[in-house]
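>>> dropping a prediction and its sequence here:
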Amino acid sequence: MTVKDLLLIGPEGQILEGGTPEGQYYNAAAFAIHHAIHTARPDVDAACHSHSIYGKTFSTLGRNIEMTTQDSCVFYNQVALYDNFGGVVLGEDESGRITEKLGDKNKALILQNHGILTCGETIESAVMWFVMLERHCQVMLMAEAAAGSRGQRPIVIDDAEASFTHEKTGSEQAGHFFAKPLYAQALAESKEREGIDFDRDQSGADQTSTKAGAQCIETGSFVSPKWVPQMKDTADVLKTMGTDPAVSHCVLVPNDKGLDLFLNLLEKHEGPKPASEIALFTAASESFCKANTNCTIQESLDRLAKVSRRALDAGLRVRGYISVVAVCPYEERFVQRSVATLPSNSYRWAVTRFAAHCHDTMGTGLSNVLAMVREGVRSVDAAVGGLGGCPYSPGATGNIDTESVLYGLHKEGYQTGMDLDEAAQIGQWISEQLGKRNNSSAGRAIIARLNRQRKESEQQSKL
Ligand SMILES: CC(C)(COP(=O)([O-])OP(=O)([O-])OC[C@H]1O[C@@H](n2cnc3c(N)ncnc32)[C@H](O)[C@@H]1OP(=O)([O-])[O-])[C@@H](O)C(=O)NCCC(=O)NCCSC(=O)C[C@@](C)(O)CC(=O)[O-]
């Protein structure tokens with residue numbers, strides 16, 4: 001199983017995104033359980049459930065775990081037993097009873113005659129609790145068998161020590177931290193196997209970028225022409241451009257009016273949809289949010305929650321951007337803390353993907369992209385020739401150039417599905433069309449190499 005097999009399922013059980021063409025189906029019982037948990041526990045970002053061998057074996061005993069080892073104390077007072085097996089979970093009755101048992105503070109459940117389930121505020125902690133609970137079930141089974149053969153019982157840790165140990169090791173942050181090596185191993189294994197979705201920005205070279213292998217192309221913006229006149233022709237571009245079913249086209253939308261204009265265009269458009277994804281954006285600093293979208297962060301989150309819900313209902317995919325996560329041109333204070341709290345539920349639940357979008361203003365664009373990819377981001381934006389920019393970020397360079405990002409990712413062993421030489425030629429071509437210098441240093445170096453090779457092969461053919 002790889003990331004490409006994963007499905008994003010909406011609240012009504014509809015598949016919103018993901019999966020291979022032959023993999024558009026899912027386990028209804030899993031959906032029933034996970035949906036009930038996410039509805040009942042907004043603090044929970046991830047739930048893990050599988051019929052793992054030791055958890056399943058332990059569950060047949062119809063009892064809860066005991067704190068018999070230091071590691072098990074992460075679960076002190078936070079595991080409940082659901083001692084009622086109501087058959088495969090397909091209905092709301094059984095999933096409702098399960099979430100009732102989970103309550104509002106437990107991180108795990110023993111589901112009698114079924115298996116184990118854990119949850120956490122992050123994917124990492126939920127997975128770590130699952131791995132630890134599965135191992136603890138194994139420990140309990142072995143310890144009880146060994147003790148039982150001598151007519152004894154394993155020694156249970158006293159409440160005071162268990163509580164103290166839980167306080168030190170059972171927090172969400174601890175779960176996230178414990179999972180780091182496991183997560184790093186999974187990422188290392190997956191980077192050889194999987195590709196990165198390569199996206200690019202509005203540079204007008206849509207057809208040619210398709211040729212270089214981009215999977216998503218941001219084609220334009222439905223923003224106010226009073227604010228960004230350069231984008232006022234987006235509707236005309238969408239109406240006239242060709243589409244390739246292998247490529248997803250995306251447009252930037254800041255508010256309801258932008259979505260109305262886009263939906264209106266789609267309704268009137270004959271033939272395949274020219275774009276099927278929207279990109280929403282807010283910012284990590286109040287000053288940038290005001291400068292870019294004329295509202296506060298909270299106002300933008302409220303606005304975007306509504307826009308994204310409408311877009312999903314209309315069958316569109318939605319991605320989200322948080323601008324200025326590293327440095328804000330208007331605020332000197334580093335804004336990292338507010339970034340951590342930004343993807344509040346209203347925004348986070350409504351978008352179907354987050355992507356890395358970097359500029360190279362301080363020469364750190366490529367390092368930032370690589371750092372994000374190492375942390376698990378699998379969607380990266382870039383523009384050939386480093387075109388583009390942001391009118392509300394004074395002094396900012398254009399977007400990070402596709403050519404150097406491809407070079408960096410390929411060197412690190414990631415597969416992008418894109419052809420670097422092809423991208424470099426497109427970057428050179430579009431820069432010439434626009435009468436601009438090619439802003440990609442990697443692109444210029446590749447063009448120089450391609451020109452040299454061309455000359456050499458011409459000379460060879462003359463000989
Ligand atoms: C958000 C607004 C509209 C608020 O701007 P506002 O002035 O508060 O909006 P308003 O609702 O008061 O409307 C003002 C006028 O604009 C019209 N209007 C209003 N909305 C639209 C629309 N969607 N499409 C067309 N027209 C629109 C509206 O109809 C009205 O026209 P009037 O009645 O005066 O004739 C404005 O601030 C805006 O358009 N901002 C866009 C800024 C932008 O495009 N920035 C660059 C791209 S974002 C970016 O670079 C970040 C990203 C994604 O790349 C990631 C990163 O780099 O970090």
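Thanks, I have the structure now.
>>> tell me which parts of the stretch 351-463 of the chain are close to the ligand?
His357, Cys390, Tyr392 (CB under 6 Å from any ligand atom). Where C-beta positions appear, they are placed from N, C-alpha and C, glycine not excepted.
>>> dump the residues you listed to a markdown table, plus pLDDT.
Shown next, in a markdown table, are those (pLDDT from 0 to 100):
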| residue | pLDDT |
| --- | --- |
| His357 | 85 |
| Cys390 | 77 |
| Tyr392 | 79 |
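>>> show me how to select, in ChimeraX, the buried members of those residues.
Here is the ChimeraX command that selects the buried residues among these (16 or more other CB atoms under 10 Å):
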select :357,390,392
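>>> secondary structure for the residues of the stretch 351-463 of the chain next to the ligand - can I get that in JSON lines?
Below are these laid out as JSON lines (DSSP: H, G, I helix; E, B strand; the rest coil):
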{"residue": "His357", "secondary structure": "coil"}
{"residue": "Cys390", "secondary structure": "coil"}
{"residue": "Tyr392", "secondary structure": "coil"}
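>>> ok, so of the residues of the stretch 351-463 of the chain next to the ligand, who is nearest Asp401?
Nearest to Asp401 out of those is His357 (CB to CB; 13.1 Å).
>>> if I look at that closest one, how far off is Gln138?
44 Å (CB to CB, to the nearest Å).
>>> so where's the stretch 1-150 of the chain uncertain?
The stretch 1-150 of the chain contains residues with pLDDT under 70 at 89-91.
>>> try it again at 90.
1-6, 8, 10-12, 16-24, 29, 42, 84-97, 122-124 (pLDDT under 90).
>>> and the stretch 151-300 of the chain, which of its residues are near the ligand?
Residues of the stretch 151-300 of the chain lying close to the ligand by CB under 6 Å from any ligand atom are 221-228, 252, 254-255, 257-258, 261, 281, 292-294.
>>> please check those residues and keep the buried ones.
The neighbour count (16+ other CB under 10 Å) marks 221-224, 228, 252, 254-255, 258, 261, 281, 292-293 as buried among those.
>>> returning to what we had before: out of the residues of the stretch 151-300 of the chain next to the ligand, which sit inside helices?
Among those, the residues falling in helices (DSSP state H) are Lys257, Gly258, Leu261, Asn292, Thr293.
>>> show me which of those residues is closest to Gln453.
Closest approach between those and Gln453, by CB to CB: Asn292, at 43.3 Å.
>>> list the buried residues in stretch 80-94.
Ala80, Leu81, Tyr82, Gly86, Val89, Glu94.
>>> that stretch: how far from the chain's middle?
The chain centre lies 31 Å from the centre of stretch 80-94; the measure is CA atoms, centre = their mean, to the nearest Å.
>>> in the stretch 351-463 of the chain, which residue sits closest to the ligand?
Cys390 (3.9 Å; CB to the nearest ligand atom).
>>> give me the contacts around stretch 361-378.
For stretch 361-378, contacts defined as CB atoms under 8 Å, 6 or more residues apart in numbering pick out 3, 183, 187, 194, 196-197, 326-327, 354-356, 358-360, 380, 382, 393, 395-397, 400, 404-405, 408-409, 412, 414.
>>> can you flag the buried ones in these?
The neighbour count (16+ other CB under 10 Å) marks 183, 196-197, 326-327, 354-356, 358-360, 380, 382, 393, 396-397, 400, 404-405, 408-409, 414 as buried among the contacts of stretch 361-378.
>>> check the secondary structure at Ala217 for me.
Just so we're on the same page, residue 217 is Ile rather than Ala. Classified using three-state DSSP, Ile217 is strand.
>>> check it and give its pLDDT.
pLDDT for Ile217: 86.
>>> again with the one 10 residues further on
Trp227 carries a pLDDT value of 92.
>>> same thing with Ala186?
Ala186 is given a pLDDT of 78.
>>> would you say it is within a strand?
No: going by three-state DSSP, the assignment for Ala186 is helix, not a strand.
>>> okay, now it: neighbour count?
For Ala186, the count of nearby residues is 13 (other CB atoms under 10 Å).
>>> how close does it sit to Lys180?
Distance, Ala186 to Lys180, using CB to CB: 11 Å.
>>> now do the strands in the stretch 301-450 of the chain.
Along the stretch 301-450 of the chain, counting by DSSP state E, counting those that start in this stretch, strands occupy 317-323, 353-354, 379-382.
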